[in-house]
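Student: have a look; sequence and predicted model below, questions after that.
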Amino acid sequence: MKRANGFFNLGRQKVYWLALLLVLFSAFPFFWMVSTAFKPLREIFVYPPTFLPQNATLENFGRLFEQTRFIAYFKNSIIVSSSAVLLTMIFGAAGAYSLTRFRFKGRDKIANLILFTYMFAPIMIVIPFYVLIKQMGLANTHFALVLAYTALCLPFSLWMLRAFFQGIPLALEEAALIDGASRLQAVLHVIFPLALPGLIATGIFTFILAWNDYIFCRILISSDELKTLPVGIADLYNATVIDWGMIMAGGMLITVPVLIFFMYIQRYLIAGWGAGAIKG
Amino acid sequence: MAKITLSKLTKRFGEYEAVKGIDLTIADGEFAVLVGPSGCGKSTTLRMIAGLEEITSGEITIGDTVVNDLAPKHRDIAMVFQEYALYPHMTVRKNLAFGLKMRGYKKGEQAPLVQEAANMLGISELLERKPRELSGGQRQRVALGRAIVRKPKAFLFDEPLSNLDAKLRVQMRAELSRLHRRLATTMIYVTHDQVEAMTMGTKIVIMKDGLIQQVGSPMEVYRRPLNQFVAGFIGSPAMNFFKAMLVQRAEGVYVEAASFRVPVPERLCGPYQCVLGREVIFGIRPEDIHSFELLQQQQSAILPECRADSMICGEVEVIEPLGPEMLVLVKCGDQTTVVRLDPRLDLEVGQDINLQLDMEKMHLFDAAHPHARIEAP
Ligand SMILES: Nc1ncnc2c1ncn2[C@@H]1O[C@H](COP(=O)(O)OP(=O)(O)OP(=O)(O)O)[C@@H](O)[C@H]1O
Ligand SMILES: [Mg+2]
C-alpha cells in the first residue's frame, strides 16, 4: 500500500513538472509581448535581448492611443462580441428548449445534424457569406459581423444547451407550472438557473470566437472606423516602419481584459456546476 | 375545496388509447385513490386533471368550472410528484414560497404561510437547507409542504410514497390521512399499491387498461368486487380462484371444482339459481378459509352453521409465518390455495390439512369475459 502510494506521488510530481514546462512554453510569447510593450524603441532590438524592460516606459501605449484608432477598435470589438453573445444565448436557449421539450417531426434528426455544420472551415464559408450579406445590403456593418458570429456559434450552443436541458427533469418544470408559473416563468425561474453553467459556457465560447476573429471582419468590414481589434492591430503592420512596441502594446490590451473577465466569470462557472450537479 | 368531475375522459397517444372514456365524480373533501396495475392510465388521468397532459376528448370540471382548456396555473390545484421535483437551486423556504410568489403574494404575506406549512409538517428546522441536504423522507415532506402552503382547491398525488422505505411509508401514510382530515380538501391519490389505497382512501377507483373497473369505499370493493380483476387486485394476499360448476344435488346446491365439492349456503341458493349448471369462477379469500381442526378444538363460533361437508383437503406446501398470522400454501389437487391461519397452529410442510371454507363469504364470477360478478345480496 505504502509503496503504491509512494510511486503514485512520484508520478504526480513528474506530471506537475511536465505541466509547468508546458505552461512556460505556452506562456512565454505572452510574457514576451507584455515585456516588449513596456520597452522603449531602442531596447526592443538590442542583442542579446533583455528579458525585462530595463527602462520601463508607457510611450508605446501613448503612441497607440494618439496615432491609431485603437479606442474605436476596442469599442467595436466590445459591441460586436457582446451582441453576438447575447444573440447566441437567446437563440441557443430557445432552440435547445424546443429541441428538448416539444415534440415535432424530425426533431432528433435536426439535433444530430447540428454539429455537422462544423465540417466546413470558416474560411470556406466566408466568401459565400460575404455575397449573401452584400445582397442583403448589410456589407460593411457591425450587424453583419454579429450575424456571422451568431451563425458560427449557434450550432455549438444548441448542442451544449440541449445536453444541459435534457439533464433537467421535466417534472421540475411541471411542478413550476402547477405552482402557478407560466411557461416562460418556469423557464426563467427553474430551467435557466439550473442550466447556468451551460449558458455561461456558450457565452464564453461565443465571446472568444467573436473577440479573436480576424477573417470575417477582414472580409465583411471595409471602413477603418468599423474594424475590430484583431484587424485593426494587424493593419498596423502596413506602415513603412513597423512599430513593434506599439503593436505589442495593442496585443496586450486585447488580451488583458479577456483574462480579467475569465478570472471573474470562473467563480460563477464553478458555483453553477455545483448547483446543477444534483437532480430533483 | 371543490368537487371534481370527469366525463367521457379519453387520452390517446398516437394510436394508443391510454384512457378510454372514463366517468368519475369525486365529491368535495373526498380522498379518492386511483389504483391499478402499471400502465393502466392512472398517471395519465391525474396529469390530465392537473393540466399537464392535453385531453383528447371528454370533459373535466373542478368546482363549477370546465377546465379543459385552462392552463395548470389557473386550475388552482397542487400536485406532489413521485420523484419530489423540488427545485434544487432553491432553499426549502424558497421551494415552499415559490407557488406563493408566482401567485403574486407579497414577501410579508409569504413568510407566515410558509412557517405555518413548515410547522404542520415538522420541517421548520430545515427551511434554510437545499434539497440535496435532505433525506428522502424530508424531501417528501418538503414536497408536501409546497403543495399545502397555498391552500389549493384540490391535491393530486402521483405515487408520492413509492421512493420511501417500508417503515417511512407506513408513517407517511398515516400522516397523509391526518393531513386530509385536518385540511378537509379534495385529494386524488394515484398508487399501484392496494394497501395504500385501502388504508387511506375514502373512495377507491380501480382501473385497468384505461377503464374504471369499480368505484367504492374500501370495504365495498373488498366485500363486493364487481369482477374477477377487482377481486384479485384488492386484498392481500389475493383471493383464490377456482374454475368450477354450480350443480344441483338432492341435499342442495354445490360448487364443484376439479378437486373438491362444497355446498352453497341456503341463503345464496336462490340468487345463484341463474347460473346452475354453468361454468363459473369460484372465489374465496385466504382469510375466509379456516383450519378444520382448530375450529373443532376451539368449538369456535366463527362458522356456526358450517356443514361438515364444506371441507376440503390438501397438503401443506409452504408456510410463511408473519407473526400475528401465517400464510400457508395448500395444494388441493393440482391447484395451490393461499390460506391465512392462526400461527398457533402446529403445521409442518408436507402434512395433510383439512380446511373449512366460510361459504357465506364466497364469490362467484362469470367464467366468460368480462368475468363479471354474479350478484348475490
Ligand atoms: N407520453 C406518452 N407517449 C406515449 N405513450 C404514453 C405516454 N405516456 C404514457 N403512455 C402510455 O400510456 C399508458 C398509461 O400510462 P400511465 O403513465 O398513465 O400508467 P400508470 O397507470 O401511471 O402506470 P404506473 O403505475 O407504471 O405509473 C402506458 O401504456 C404508457 O406506455
Ligand atoms: Mg404512473
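Tutor: Okay, I see it. Numbers count the residues shown, from 1 in each chain, chains lettered A, B, ... in the order given. Ligands and ions are numbered 1, 2, ... in the order given.
Student: okay, CA-based contacts and neighbour counts for the rest of this
Tutor: Noted.
Student: what does the stretch 1-150 of chain B have sitting close to chain A?
Tutor: Applying the criterion C-alpha under 8 Å from any C-alpha of the partner chain, the portion of the stretch 1-150 of chain B that neighbours chain A consists of B:50, B:52, B:72-74, B:76-79, B:81, B:83-89, B:98-100, B:102-103, B:132.
Student: got the domain boundaries for the chain?
Tutor: Since no chain was named, I'll use chain A. A:2-44, A:59-279 (automatic domain parsing).
Student: looking at chain B here, not the other one
Tutor: Residue ranges for the structural domains of chain B, counted by automatic domain parsing, are given in the record as B:4-233, B:240-366.
Student: how about these, which one is nearest ligand 1?
Tutor: Ranking these by proximity to ligand 1 (C-alpha to the nearest ligand atom) places domain B:4-233 first, at 3.1 Å.
Student: end-to-end on that closest one?
Tutor: Using C-alpha to C-alpha, to the nearest Å, the gap from the first to the last residue of domain B:4-233 comes to 25 Å.
Student: quick one: average confidence on that domain?
Tutor: The average pLDDT for domain B:4-233 rounds to 94.
Student: same question for stretch B:269-284.
Tutor: When pLDDT is averaged along stretch B:269-284, the result is 90.
Student: pull out the buried positions in it.
Tutor: Applying a neighbour-count criterion of 16 or more other C-alpha atoms under 10 Å in any protein chain shown, one finds B:Cys269, B:Tyr272, B:Val275, B:Leu276, B:Glu279, B:Val280, B:Ile281, B:Phe282, B:Gly283, B:Ile284 buried in stretch B:269-284.
Student: the nearest residue to the third one once chain neighbours are set aside: what's it in contact with?
Tutor: Here the nearest residue to B:Val275 in space, its sequence neighbours aside, is B:Leu246; by C-alpha to C-alpha, 6 or more residues apart in numbering or on different chains that works out to 6.8 Å. When the contact criterion is C-alpha atoms under 8 Å, 6 or more residues apart in numbering or on different chains, the partners of B:Leu246 are B:Val253, B:Tyr254, B:Val255, B:Glu256, B:Val275, B:Leu276, B:Gly277, B:Arg278, B:Glu279, B:Val280.
Student: the host helix or strand of B:Leu246: how far from the chain's middle?
Tutor: B:Leu246 belongs to strand B:240-249 when elements are defined using DSSP states H and E. Taking the mean C-alpha point of strand B:240-249 and that of its whole chain, the gap between them comes to 28 Å (C-alpha atoms, centre = their mean, to the nearest Å).
Student: any idea which helix or strand comes after it?
Tutor: Scanning the chain past strand B:240-249 towards its C-terminal end, the next helix or strand to appear is strand B:252-257 (assignment: DSSP H and E).
Student: the next helix or strand after that following strand - what's its average pLDDT?
Tutor: The first helix or strand that comes after strand B:252-257 along the chain, using DSSP H and E, is strand B:261-263. Along strand B:261-263, the predicted confidence averages to a pLDDT of 90.
Student: for stretch A:82-91, same thing?
Tutor: Averaged over stretch A:82-91, pLDDT sits at 96.
Student: can you tell me how far the residue nearest to B:Val275 is from B:Val253?
Tutor: To B:Val253, B:Leu246 is 7 Å away according to C-alpha to C-alpha.
Student: name the helices or strands packed onto the host helix or strand of A:Pro257?
Tutor: Secondary structure assigned from DSSP H and E places A:Pro257 in helix A:244-276. Counting contacts by 3 or more C-alpha pairs under 8 Å, 6 or more residues apart in numbering or on different chains; DSSP states H and E, helix A:244-276 is packed against helix A:2-37, helix A:59-67, helix A:192-212, helix A:229-234.
Student: how far does it sit from the chain's center?
Tutor: Its chain's average C-alpha position is 9 Å from that of helix A:244-276, according to C-alpha atoms, centre = their mean.
Student: now the angle between helix A:59-67 and it, please.
Tutor: Note on geometry: by axes from the mean of the first three to the mean of the last three C-alpha atoms, to 10 degrees, helix A:244-276 and helix A:59-67 are set 90 degrees apart in direction.
Student: which one of the domains of chain B is the most hemmed in?
Tutor: Looking across those with neighbours counted as mean count of other C-alpha atoms under 10 Å in any protein chain shown, the highest average goes to domain B:4-233: a mean of 19.
Student: is that domain anywhere near ligand 1?
Tutor: Yes. Interface with ligand 1: domain B:4-233 contributes B:Phe13, B:Ala18, B:Pro37, B:Ser38, B:Gly39, B:Cys40, B:Gly41, B:Lys42, B:Ser43, B:Thr44, B:His192 (C-alpha under 6 Å from any ligand atom).
Student: keep only those of these that are in helices.
Tutor: With DSSP state H as the criterion, helices contain B:Lys42, B:Ser43, B:Thr44 from among the residues of domain B:4-233 next to ligand 1.
Student: what's in contact with stretch B:101-112?
Tutor: Residues outside stretch B:101-112 that contact it (C-alpha under 8 Å, 6+ apart): A:Asp179, A:Gly180, A:Ala181, B:Ala97, B:Leu100.
Student: let's see 7 Å
Tutor: When contacts are taken as C-alpha atoms under 7 Å, 6 or more residues apart in numbering or on different chains, the neighbours of stretch B:101-112 outside the stretch itself are A:Gly180, A:Ala181, B:Ala97, B:Leu100.
Student: look up the closest residue to the first one, ignoring the ones flanking it.
Tutor: Beyond its immediate neighbours in the sequence, the residue positioned closest to A:Gly180 (C-alpha to C-alpha, 6+ apart) is B:Lys73, lying 4.1 Å away.
Student: give me every residue that touches A:Pro29.
Tutor: Neighbours of A:Pro29 in contact, by C-alpha under 7 Å, 6+ apart: none.
Student: count the residues that sit near A:Gly167.
Tutor: Look at A:Gly167: counted by other C-alpha atoms under 10 Å in any protein chain shown, it has 16 neighbours.
Student: backbone phi and psi for it, please?
Tutor: The phi/psi pair for A:Gly167 (degrees, to the nearest 10) reads phi -80, psi -10.
Student: how close does it sit to ligand 1?
Tutor: Plainly put, A:Gly167 is 18 Å away from ligand 1 if you go by C-alpha to the nearest ligand atom, to the nearest Å.
Student: name the SS class of B:Glu320, please.
Tutor: When the structure is reduced to helix, strand and coil (DSSP: H, G, I helix; E, B strand; the rest coil), B:Glu320 reads as strand.
Student: quick one: residues in contact with the lengthiest helix in chain B.
Tutor: Looking only at chain B and at elements set by DSSP H, the helix with the highest residue count is helix B:166-183. With C-alpha under 7 Å, 6+ apart as the test, helix B:166-183 has contacts from B:Leu161, B:Met200.
Student: so how far is it off the chain centroid?
Tutor: Once both centres are worked out by C-alpha atoms, centre = their mean, helix B:166-183 turns out to sit 15 Å from its chain's centre.
Student: alpha carbons of it, in PDB - could you do that?
Tutor: These are the backbone C-alpha positions of helix B:166-183, laid out as PDB (Å, rounded to 0.1, in the frame of the first residue of the first chain):
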ATOM      1  CA  ALA B 166     -41.300   0.500   4.100                       C
ATOM      2  CA  LYS B 167     -41.300   1.900   7.600                       C
ATOM      3  CA  LEU B 168     -41.300   5.500   6.500                       C
ATOM      4  CA  ARG B 169     -44.100   4.700   4.000                       C
ATOM      5  CA  VAL B 170     -46.400   3.500   6.800                       C
ATOM      6  CA  GLN B 171     -45.600   6.600   8.800                       C
ATOM      7  CA  MET B 172     -46.300   9.000   5.900                       C
ATOM      8  CA  ARG B 173     -49.400   7.100   5.100                       C
ATOM      9  CA  ALA B 174     -50.800   7.900   8.500                       C
ATOM     10  CA  GLU B 175     -49.600  11.400   8.200                       C
ATOM     11  CA  LEU B 176     -51.300  11.900   4.900                       C
ATOM     12  CA  SER B 177     -54.600  10.700   6.300                       C
ATOM     13  CA  ARG B 178     -54.200  13.100   9.200                       C
ATOM     14  CA  LEU B 179     -53.400  15.900   6.800                       C
ATOM     15  CA  HIS B 180     -56.600  15.100   4.800                       C
ATOM     16  CA  ARG B 181     -58.700  15.100   7.900                       C
ATOM     17  CA  ARG B 182     -57.200  18.400   9.000                       C
ATOM     18  CA  LEU B 183     -57.400  20.200   5.700                       C
END
